[in-house]
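Enquirer: the amino acid sequence is not available; the structure is as follows:
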């Protein structure tokens, strides 16, 4: 798999520097009546040149000292981020809020000689905190959770959890309405803010989120709905970068219904990386797939069999490794409140018929499907309860476990 390099940088994002230098007012001077008179001030038109020129020089010097110019490119000024701390609690003491969004990932350890199969789940808990629950291998989920203090999420923020070369990261919307992410730092076993919030990107109040990694897991791309209803793509090409930027076409993918679920999956087909975004642009469906391949977004196509989707319910997608090769798994909530799964091979364009996985539940937001080390798995929220639904194969035999 080659390193992904063809996403162009169209719109670097950076916070506007807030500078407001004030010129010192002229001071009164006691003059000797016998002395030569003071020279006349320059004509007023000259001051319109002198003052802006002085301010421009001041602005350049200020930005240079604040680290805003990096290699000829606008970057995020240096700052002192808020402090994040963590608290270990029992799961019974830090339950999920009703209908919480969730994020789930299998933790692939890139830099270790003794990797362990671990899974991580993040959810919203009162009062306005993010909590994480983990497990090792196929063991039961840990009954202790780690809650992050100081992340300042908005109430029931949409969540996305990603494991990439830079570590694992949590993506969410903060209380100010900005896209935000936290990065796990293995050296210090702690969380810290990324520079994402400094970009001051403000999604729609009902936006959901999706995140994927590209280029051998070196880059990250975030999908959200802006205040005009457009789905936008915002990313970072390399985990060592400090700035996020929009993708092609200013990051615009397409306009969908307000609050549409967003599912995203990346895979390799014919030696080339490809990606599919799953969105809803009409009430009650169908789901429309937007494919990015050959360095461009292809014409959107409806997913067969998705005519009964529940509007604004979560959509999730993942690639699952099977003996026959990689398969795309699509999970969503039907209008009758059943959890439904459809699949297709990565080298095919036709999806299987919808399969009902659960009985009717009060599912609205928290649906995430993921490949847990070769096992197709869907996590969902029903009220304040979290469920794990795993399938030994994609044809059926799903097992429902309450976490």
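Expert: Cool, the structure landed. This structure is a prediction, so every number in the text was calculated from the model and none was measured.
Enquirer: just the strands in the stretch 201-350 of the chain please.
Expert: 210-214, 219-225, 230-236, 245-246, 252-255, 263-269, 272-280, 287-293, 296-297, 301-302, 315-322, 325-333, 339-345 (DSSP state E, counting those that start in this stretch).
Enquirer: got the contact list for the first one?
Expert: Under the contact criterion Cβ atoms under 8 Å, 6 or more residues apart in numbering, strand 210-214 has outside partners 4, 7, 160-165, 169, 171, 219-223, 235, 262-266, 273, 275, 277. C-beta here means a position set from N, CA and C on the backbone, and glycine is covered the same way.
Enquirer: quick one, that strand and strand 230-236 angle?
Expert: Strand 210-214 runs at 40 degrees relative to strand 230-236, counting by axes from the mean of the first three to the mean of the last three Cα atoms, to 10 degrees.
Enquirer: picking up where we left off before, deepest in the core, which of the strands of the stretch 201-350 of the chain is it.
Expert: Burial of the strands of the stretch 201-350 of the chain is given as mean neighbour count (mean count of other Cβ atoms under 10 Å); strand 219-225 ranks first at a mean of 25.
Enquirer: residue 276 bridge partners, please.
Expert: Under the criterion DSSP bridges, residue 276 forms beta bridges with residue 265, residue 291.
Enquirer: any chance of the strands of the stretch 201-350 of the chain in TSV, plus distance to residue 371 and mean pLDDT?
Expert: Putting the strands of the stretch 201-350 of the chain into TSV (distance: least, Cβ to Cβ, whole Å; pLDDT from 0 to 100) gives the following:
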stretch	distance to residue 371	mean pLDDT
strand 210-214	13	86
strand 219-225	18	91
strand 230-236	22	90
strand 245-246	29	86
strand 252-255	24	89
strand 263-269	10	85
strand 272-280	15	84
strand 287-293	19	87
strand 296-297	25	83
strand 301-302	24	89
strand 315-322	5	88
strand 325-333	8	88
strand 339-345	12	89
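Enquirer: pLDDT score for the closest residue to residue 149 other than its chain neighbours?
Expert: The shortest distance from residue 149 to any non-neighbouring residue, by Cβ to Cβ, 6 or more residues apart in numbering, is to residue 85 (4.7 Å). Here the pLDDT value assigned to residue 85 is 90.
Enquirer: returning to what we had before: let's have the strands of the stretch 201-350 of the chain in a markdown table, adding distance to residue 104.
Expert: Putting the strands of the stretch 201-350 of the chain into a markdown table (distance: least, Cβ to Cβ, whole Å) gives the following:
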| stretch | distance to residue 104 |
| --- | --- |
| strand 210-214 | 12 |
| strand 219-225 | 17 |
| strand 230-236 | 21 |
| strand 245-246 | 27 |
| strand 252-255 | 24 |
| strand 263-269 | 13 |
| strand 272-280 | 17 |
| strand 287-293 | 20 |
| strand 296-297 | 27 |
| strand 301-302 | 27 |
| strand 315-322 | 9 |
| strand 325-333 | 12 |
| strand 339-345 | 15 |
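Enquirer: surely the residue nearest to residue 149 meets residue 150?
Expert: Yes. Assessed by Cβ atoms under 8 Å, residue 85 is found in contact with residue 150 at 6.2 Å.
Enquirer: in terms of neighbours, single out the busier of the two.
Expert: Set residue 85 next to residue 150 and count neighbours by other Cβ atoms under 10 Å: residue 150 wins out with 14 against 11.
Enquirer: list the contacts of the residue nearest to the more buried one when sequence neighbours are not counted.
Expert: Excluding the flanking residues, the one nearest residue 150 by Cβ to Cβ, 6+ apart is residue 84, at 4.6 Å. The contact partners of residue 84, taken as Cβ under 8 Å, 6+ apart, are 148, 149, 150, 151, 182, 190, 191, 192, 193.
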